[in-house]
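Chemist: Mind looking at a prediction? Sequence and model below.
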Amino acid sequence: MPSIRKKIIDILNVEGQENISFGAPVFSDAPQHVRKIFNYNRMATMLLRYNRAKNLLEFDNLIQLDPSLGDTYKNYVPDLSHNGYKLQNGKLKYEDNIQVVNAEEDLLRQREAPKNTKSGLGLR
């Protein structure tokens with residue numbers, strides 16, 4: 001059983017009616033790459049999602065658990081910080097250390113604060 005999980009950002013590149021390929025040189029932080037592959041420990045869970053409101057691909061930052069074990073991907077896990085790619089002028093611009101909010105939390109923040117409360121917790 002493999003000890004590595006992979007997540008891939010892949011671009012469908014369409015040129016004309018007959019030239020269709022996967023991958024394109026669109027990453028600002030690695031212009032020579034045509035797709036981005038995240039390898040990490042199979043026991044970990046990694047966030048990779050598209051935020052439509054911000055036009056942003058959001059993903060977990062991966063770090064080595066123990067650098068003394070070498071540069072094997074089974075040693076990589078998310079560190080609770082996030083990075084992203086924002087679509088600008090046909091390229092994916094890398095953004096370091098972005099703020100990620102769950103959709104449910106975002107909706108709660110948009111609601112009006114409770115009235116006639118004695119604390120900020122909404123308790124009466």
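Modeler: Yep, it's here.
Chemist: Only C-alpha atoms from now on, for both contacts and neighbour counts.
Modeler: OK.
Chemist: What is the neighbour count of residue 43?
Modeler: Neighbours of residue 43 under the rule other C-alpha atoms under 10 Å: 11.
Chemist: Surely it is within a strand?
Modeler: No. Read with DSSP: H, G, I helix; E, B strand; the rest coil, residue 43 is coil and lies in no strand.
Chemist: Tell me if I'm right that residue 44 and residue 77 touch.
Modeler: Yes. In this structure, residue 44 is within contact of residue 77 by C-alpha atoms under 8 Å, at 6.1 Å.
Chemist: Please say which of the two ends up with more neighbours.
Modeler: Between residue 44 and residue 77, residue 77 has the larger neighbour count (other C-alpha under 10 Å), namely 21 against 12.
Chemist: which of the residues in stretch 21-36 are buried?
Modeler: For stretch 21-36, a neighbour-count test (16 or more other C-alpha atoms under 10 Å) marks 24, 26, 27, 35 as buried.
Chemist: ok, now stretch 55-73?
Modeler: Judged by neighbour count (16+ other C-alpha under 10 Å), stretch 55-73 contains these buried residues: 56, 57, 58, 59, 60, 61, 62, 64, 73.
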